[in-house]
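this is a predicted model, with the sequence first.
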Amino acid sequence: MALRTETDKGTGVALLTLDRPERLNAIDLATAAELVAAWRAFRYDDEVRAVVLTGAGGRAFCTGIDRGVDVPQPPSPYTIDDPLIAIGPKANDLWKPVIAAVEGMACGGAFYLLGEAEFVIASEEATFFDPHTTYGMVSAYEAISMAQRMPFGEVARMSLMGTAERVSARRAYETGLVSEVTGAGGAVPAALRAAAVIASYPTAAVQGTVRAVWSAKEAARTQALAHAPHLIALGNLAPERQAELFEGRGRDGGEPRIR
């Protein structure tokens, strides 16, 4: 199993942990399926009134799709199969509040998860970046998700700079991606405390508030996401060329700039 779930029945908070630290919590097809199953199970579990999502190991919250995954694609140029499209709570119709607790790196497909959390708490050592353009891929779903949280220019910069630049936890806080910055190792405890407060309130009122907040941007988000498959199909390099670029990463000898 690539996920760990621990539920505190006293507080009504579940801690859901991506547990692939040896792969920097990258998501393969089995992990994607487990995430879908976990979110859908929480819908029916009355003992769970709020969820904290994090990654094991401290080095990364999540680094997106596992590059070792083979994702067969349909031959039609009008469709694309994205294995991460349904890994978030909202994609699975879960309207219980979800708080993301980020330690270490969060990049690429991690934004599918961060984009569907109510808010994000990060340790001071967390960094955020989007490597898609570096490897010849369109950042569509990820950029659209972050555009719901961050100013346009900040989303554009992070999406376009690729691996050359990483956003620090402090800068993420300043631009609205992160709602709280903690000391090293403090993101999960802080998220659990916040989740326990929320879970102590009447659940119907909490879930109704979650729906109301999301409805404020849902029309624009849905319209934007409808364009994503076509932009990816048109703009992505062939998989073998992406692989070449990925294998050549780091050969320029430069460290990514952190701002």
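Good, I have the coordinates. Residues are numbered from 1 along each chain as shown.

show me what counts as buried in stretch 180-198.
For stretch 180-198, the neighbour count (16 or more other CB atoms under 10 Å) marks 180-182, 186-188, 190-192, 194-196, 198 as buried. Heads up, the C-betas are built off the backbone N, CA and C, glycines and all.

what pLDDT is listed against residue 251?
If you check residue 251, the pLDDT there is 57.

quick one on the thing from earlier: show me the buried residues of stretch 180-198 that map onto helices.
187, 188, 190, 191, 192, 194, 195, 196, 198 (DSSP state H).

what about the stretch of helix or strand residue 32 belongs to, distance to the chain center?
In this structure, residue 32 sits in helix 29-44 according to DSSP states H and E. Helix 29-44 sits 15 Å away from the centroid of its parent chain (CA atoms, centre = their mean, to the nearest Å).

can you show me the helices along the stretch 151-259 of the chain?
Assigned by DSSP state H, counting those that start in this stretch, the stretch 151-259 of the chain shows helices spanning 152-161, 169-174, 187-199, 203-235, 239-247.

same list, those helices, but as a markdown table with distance to residue 83 and mean pLDDT please.
Listed next are the helices of the stretch 151-259 of the chain as a markdown table, based on distance: least, CB to CB, whole Å; pLDDT from 0 to 100:
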| stretch | distance to residue 83 | mean pLDDT |
| --- | --- | --- |
| helix 152-161 | 20 | 95 |
| helix 169-174 | 26 | 97 |
| helix 187-199 | 26 | 98 |
| helix 203-235 | 13 | 86 |
| helix 239-247 | 14 | 79 |
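
can you pull the alpha-carbon coordinates of the helix or strand bottoming out on mean pLDDT in the chain into CSV?
Every helix and strand of the chain was ranked by mean pLDDT, DSSP states H and E. The lowest is helix 239-247, at a mean of 79. In CSV, the C-alpha atoms belonging to helix 239-247 read as follows (Å, rounded to 0.1, in the frame of the first residue of the first chain):
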residue,chain,number,x,y,z
PRO,A,239,7.2,10.9,-24.8
GLU,A,240,10.6,9.7,-25.9
ARG,A,241,11.8,13.3,-26.3
GLN,A,242,10.5,14.1,-22.8
ALA,A,243,12.4,11.1,-21.5
GLU,A,244,15.6,12.4,-23.1
LEU,A,245,15.2,15.8,-21.5
PHE,A,246,14.4,14.2,-18.1
GLU,A,247,17.5,11.9,-18.3
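
could you list the low-pLDDT ranges of the stretch 1-150 of the chain?
Counting by pLDDT under 70, the stretch 1-150 of the chain shows low-confidence ranges at 73, 77-79.

redo that, cut-off 90
Along the stretch 1-150 of the chain, segments meeting pLDDT under 90 span 1, 65-85, 135, 137-138, 140-141, 148.

isn't residue 211 right up against residue 95?
Yes: contact criterion CB atoms under 8 Å: residue 211 and residue 95 qualify, at 5.6 Å.

which of these two has more residues huddled nearby?
residue 95 (16 against 11; other CB atoms under 10 Å).

specify the beta-bridge partners of the spatially closest residue to residue 185 that is not a sequence neighbour.
Spatial nearest neighbour of residue 185, chain neighbours left out: residue 123 (6.3 Å); criterion: CB to CB, 6 or more residues apart in numbering. Counting by DSSP bridges, residue 123 is bridged to residue 182.

re the thing from before, which member of the ones in helices among the buried residues of stretch 180-198 is positioned nearest residue 135?
Nearest to residue 135, judged by CB to CB, of those is residue 187 at 27.8 Å.

any idea how far that closest one lies from residue 206?
For residue 187, the distance to residue 206 equals 22 Å [CB to CB, to the nearest Å].

brilliant, that's me finished.
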